[in-house]
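predicted model and sequence follow; I will ask about them next.
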Amino acid sequence: MIQLSSVVKTYESKAGTIEALRGIDLNVSAGEIYGIIGHSGAGKSTLIRCINMLERPTGGTVLVDGEDMGAMTEAELRKARQKISMIFQHFNLLTSRTVYDNVAFPLEIQGKSPEEIRTIVLPLLDLVGLGDRQDYYPSQLSGGQKQRVGIARALASQPKVLLCDEATSALDPQTTKSILALLRDINSRFNLTIVLITHEMQVIKEICDKVAVIEDGRIVEQGPVLEVFTKPQAKTTQDFISTIINRSLPPEWSETPPSPTPIAGADLLLRLSFIGQAADEPIIAGLIRRFNVDISILYGNIDHIKDTPYGTLLVSLTGDDNNIQEALRHLQERDLGIEVIGYVARRH
Ligand SMILES: Nc1ncnc2c1ncn2[C@@H]1O[C@H](COP(=O)(O)OP(=O)(O)O)[C@@H](O)[C@H]1O
Ligand SMILES: [Mg+2]
């Protein structure tokens, strides 16, 4: 649905040239929820605004639904943008218009009749849970309600793509959850393709199918969320994941870090992560029985990524050196995420 190839964007300013995007390749399939995460200044807003040409890329191509956005005239762009809606961190509502009139606004611009507008707006207000608020003004609404108006307005032109620029960043965690649930609902209801940018890993975890991590104008890692979560490669990705999953070692090992190579008579520290079905299997009990090793769980956590159970365990294996190595080989043959943290002196 969306294809970016070698997209470059530079800004000229008094301070010199700023390379906001340094060659972005991105493919978003129809019906997908694609998250782009990065720190402030990484280029997220620039990237998402290049999709609908609110920013014109300095180089590269942007295809949306097979059409070359960069080659369009302003008139063609206006038409194309009806199929590419956007919602914003600060909602961008018209404060002098009611909820109803905000949602009606894009349809008025399209020249639709009041009757036609009504048949579109009322069901949308019901859909976003504001059926009883149509005569309110934005100042009379909570942040979450304002974003619901933003979403209804974005849906009014029956878009194929919804771009979300930090759409939940101004909201509290509970409201964020309800807005994300609404985005999921409209994604499946209308098979709407959603691209969202955020600096919060929680948002990615909650609703995204795929994720790209952007740093300094480059995508440093991308893939299905489950894969990126269980096998993060880039340091930035690991840092983002550690904001929602505890990846730190117990304090006694932070001073004398574990050895990466086996040491005779040492314990082996492992981080196991398992997804989906594997989360239900009695892996630990099996290891103890089959390999005659003792296992201590130092840290454990079970969570969900979208709807898939996802668990992490920090464990130490104690026992005969050979048995520990056999247990490790056995684990590595299974479809589990295994990270060998290292070997540490036995503590007893
Ligand atoms: N209109 C602009 N003029 C000059 N520099 C800009 C402009 N917009 C963004 N930038 C710069 O481009 C870089 C990326 O910005 P942005 O895309 O807004 O990042 P993010 O949304 O990830 O915080 C930053 O260094 C920012 O200062
Ligand atoms: Mg931004």
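Noted; the coordinates are in hand. Numbering: from 1, shown residues only. Ligands and ions are numbered 1, 2, ... in the order given.

going forward, measure contacts and count neighbours with C-alpha atoms only.
Will do.

check contacts around the residue of the stretch 151-300 of the chain found nearest ligand 1.
Closest contact between the stretch 151-300 of the chain and ligand 1, by CA to the nearest ligand atom, is at residue 217 (7.2 Å). Remark: with contacts taken as CA atoms under 8 Å, 6 or more residues apart in numbering, residue 217 is in contact with 19-24, 42-43.

and if we set it to 10 Å?
For residue 217, the contacting residues are 7-10, 19-24, 38, 41-44, 46-47, taking CA atoms under 10 Å, 6 or more residues apart in numbering as the criterion.

what number of residues lie near the nearest residue to residue 319 once chain neighbours are set aside?
Of all residues not flanking residue 319 in the chain, residue 293 sits nearest, at 4.9 Å (CA to CA, 6 or more residues apart in numbering). For residue 293, the number of neighbouring residues by other CA atoms under 10 Å comes to 21.

wait, what's in contact with the closest residue to residue 233 other than its chain neighbours?
Closest residue in space to residue 233, ignoring its immediate chain neighbours: residue 221 at 7.3 Å, by CA to CA, 6+ apart. By CA under 10 Å, 6+ apart, the residues touching residue 221 are 211-215, 228, 232-237.

residue 220 is in contact with residue 212, isn't it?
Yes: in this structure, residue 220 sits in contact with residue 212. The criterion is CA atoms under 10 Å, and the distance is 7.6 Å.

need the overlap of contacts for the two.
Contact criterion CA under 10 Å, 6+ apart; residues bridging residue 220 and residue 212 by contacting each: 38, 237.

so which of those two has more stuff around it?
The residue with more neighbours, out of residue 220 and residue 212, is residue 212; 23 against 16, by other CA under 10 Å.

what sits opposite that one in the beta ladder?
When bridges are called by DSSP bridges, residue 212 pairs up with residue 36, residue 222.

contacting residues around it?
Taking CA under 10 Å, 6+ apart as the contact definition, residue 212 lies against 26, 34-38, 197, 204, 218-225, 228, 237.

buried subset of the residues you listed?
Neighbour-count burial (16 or more other CA atoms under 10 Å) is assigned, among the contacts of residue 212, to 34-38, 197, 204, 218-222, 225, 228, 237.

any idea how far residue 63 is from the spatially most central residue of the chain?
Nearest residue to the geometric centre of the chain (CA atoms, centre = their mean): residue 204, 2.5 Å. Noted for residue 204: a distance of 24 Å to residue 63, by CA to CA, to the nearest Å.

kindly report the same for residue 209.
In this structure, residue 209 lies at 20 Å from residue 63, with CA to CA as the measure.

do residue 323 as well
From residue 323 to residue 63 the distance is 55 Å (CA to CA).

about what we covered before: I figured the residue nearest to residue 319 hits residue 315, correct?
No: assessed by CA under 10 Å, residue 293 is found out of contact with residue 315, at 11.9 Å.
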